[in-house]
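Q: return atomic coordinates for the entry below.
(one chain, ligands or ions: 1)
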Amino acid sequence: MVSQLHKFIFDGLPVRGVLVQLTDTWTEILRRRASNTQHGAYPAPLRDMLGQMTAAATLMQSNIKFDGSLTMQIMGDGPVKLAVVEVQPDLALRATATLIGVLPEAASLSHMVNARNQGRCAITLDPKTKFPGQQPYQGVVPLFDDDGVPIERLSEVLEHYMLQSEQLDTTLMLAANGTMAAGLLIQRLPVQGAGNLEGSMVSRENEDAIGRNEDYQRIAILAKTLQAEELLRLDADTILRRLFWEESLTRFEPLHGANGPRFACSCSRERVARMIVSLGADEAHSVIEERGELEVACEFCGVQYRFDPVDTAQLFVDPTRQAAPGSSAH
Ligand SMILES: [Zn+2]
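A: As a prediction, this is how the structure comes out:
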């Protein structure tokens, strides 16, 4: 199965949905990390958390009209210091996490990122074109509920965020393993015109509708019957039919391939080569002397680029690569 994203609406009802299943996109993220000789593969609990974040960030990016990147970050106070997913408007995405120490086999969300209830989840929307002085929009939510009790499901953290930031009821089902990261989002559409004029009657009407729309409530209850194992094993048609066979759905053309969610990282061997050249020949050769090779890892995807003594020497003899004048001109 290729990575794919399905959007749909419930005919005549103020409810919409998105289903995402990341396969090759997700395993490429895992493969790059596992190939890193310094970090090695993600332990299972962290892998599954990052997979759920990746599915959720993709759902959220596909669900907003916004021309810019969406970044979901968890700043943890446990062994997982940081987990980040970045999704572009065209659904190109990448993800990474920083782990200090070791995780037990069945580490919970709070064990990983909310050990002292100080963990935070931030969503940043960074517009592609900004007017002068414009800052990216960022919303932050804690990893505990209204009573200060740590939340153990990432989906619940994000449902809080959506209610707080968009004032929309949202139901999220998320699941991930070593081969797939998947999610289902069900959202109540704003009442007509809501969100246009802040503080007007219209948005108050919308606020009043929170938790009250019967159609949304019924569909949300159906969505919540979806098991993680079904989300990871069944295809989109089967999932939607099983959950919503009594509802009338209009589905849009699925997004996959070049139009769908896919892995992309901006790192390349060429970029790293330019960076080494900018360090200068002396610096580069001293590292080679000490370690036998130059190794630079991409912080975002974990891939390591290695330059042996011959590679490195070539960087400095190829005149097209010369960065600043004077580095080795004589
Ligand atoms: Zn990279």
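Q: give the buried residues for stretch 258-269.
A: By neighbour count, with 16 or more other CB atoms under 10 Å as the criterion, the buried positions of stretch 258-269 are 260, 261, 262, 263, 265, 267. To be clear about C-beta, it is placed using only N, CA and C from the backbone, and glycine gets the same treatment.
Q: restrict that stretch to CA atoms and write it as CSV.
A: What follows is stretch 258-269, C-alpha atoms only, in CSV (Å, rounded to 0.1, in the frame of the first residue of the first chain):
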residue,chain,number,x,y,z
ALA,A,258,3.6,13.3,-5.8
ASN,A,259,0.3,14.9,-4.6
GLY,A,260,0.1,12.9,-1.4
PRO,A,261,2.0,12.7,1.9
ARG,A,262,5.6,11.8,1.2
PHE,A,263,9.0,11.9,2.9
ALA,A,264,11.3,14.8,2.0
CYS,A,265,14.4,16.2,3.7
SER,A,266,16.3,19.2,2.5
CYS,A,267,19.7,17.6,3.3
SER,A,268,22.0,16.3,0.6
ARG,A,269,25.6,15.2,0.1
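Q: chain center to it: distance?
A: 13 Å (CA atoms, centre = their mean, to the nearest Å).
Q: hey, where'd the helices end up in the chain?
A: Residue ranges of the helices in the chain, as given by DSSP state H, are 24-34, 44-62, 109-113, 154-166, 201-209, 214-223, 228-233, 236-244, 269-279, 281-291, 309-317.
Q: out of those, deepest packed?
A: Comparing those by mean neighbour count (mean count of other CB atoms under 10 Å), helix 44-62 ranks first with a mean of 25.
Q: contacts with the ion among the buried residues of stretch 258-269, please.
A: With the criterion set as CB under 5 Å from the ion, the members of the buried residues of stretch 258-269 near the ion are 265, 267.
Q: among the buried residues of stretch 258-269, which are in strands?
A: Using DSSP state E, 262, 263 are the members of the buried residues of stretch 258-269 that sit in strands.
Q: near the ion, which residues of this structure show up?
A: 265, 267, 298, 300, 301.
Q: against residue 163, how distant is the second one?
A: For residue 267, the distance to residue 163 (CB to CB, to the nearest Å) stands at 36 Å.
Q: now the first one
A: According to CB to CB, residue 265 stands 32 Å off from residue 163.
Q: ok, residue 1 next?
A: From residue 1 to residue 163 the distance is 32 Å (CB to CB).
Q: now do residue 293
A: From residue 293 to residue 163 the distance is 51 Å (CB to CB).
Q: could you do residue 99 as well?
A: For residue 99, the distance to residue 163 equals 30 Å [CB to CB].
Q: so who does the closest residue to residue 154 other than its chain neighbours touch?
A: Once flanking residues are discounted, residue 154 sits nearest to residue 52: 4.9 Å by CB to CB, 6 or more residues apart in numbering. Taking CB atoms under 8 Å, 6 or more residues apart in numbering, we find residue 52 in contact with 154, 155, 174, 175, 176, 181, 183.
Q: of those, which is the most crowded?
A: Using other CB atoms under 10 Å as the neighbour criterion, residue 181 leads the contacts of residue 52 with 34 neighbours.
Q: who does that one bridge with?
A: Beta-bridge pairing of residue 181 under DSSP bridges involves residue 22, residue 176.
Q: give me the pLDDT for it.
A: Here, the pLDDT recorded for residue 181 equals 98.
Q: again with residue 141
A: Predicted confidence (pLDDT) for residue 141: 95.
Q: before we move on, what about the one 5 residues further on?
A: The per-residue pLDDT reported for residue 146 equals 91.
Q: how close does it get to the ion?
A: Distance, residue 146 to the ion, by CB to the ion, to the nearest Å: 39 Å.
Q: how many other residues sit next to that residue?
A: 6.
Q: next up, phi/psi of it, please.
A: Taking degrees, to the nearest 10, you get phi -60, psi -20 for the backbone angles of residue 146.
Q: got the contact list for residue 236?
A: 4, 6, 19, 21, 254.
Q: before we move on, the earlier item: let me have the residues of the chain next to the ion in CSV, extended by distance to residue 187.
A: Converted to CSV, these look like this (distance: CB to CB, whole Å):
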residue, distance to residue 187
265, 30
267, 34
298, 34
300, 29
301, 30
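Q: any chance of those residues in JSON lines, plus distance to residue 92 and pLDDT?
A: Formatted as JSON lines, those follow (distance: CB to CB, whole Å; pLDDT from 0 to 100):
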{"residue": "265", "distance to residue 92": "9", "pLDDT": "95"}
{"residue": "267", "distance to residue 92": "13", "pLDDT": "94"}
{"residue": "298", "distance to residue 92": "15", "pLDDT": "94"}
{"residue": "300", "distance to residue 92": "12", "pLDDT": "93"}
{"residue": "301", "distance to residue 92": "12", "pLDDT": "93"}
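Q: hang on, isn't residue 185 packed against residue 169?
A: No: assessed by CB atoms under 8 Å, residue 185 is found out of contact with residue 169, at 11.3 Å.
Q: which one of the two is surrounded by more residues?
A: Using other CB under 10 Å, the more surrounded residue of residue 185 and residue 169 is residue 185, with 27 against 21.
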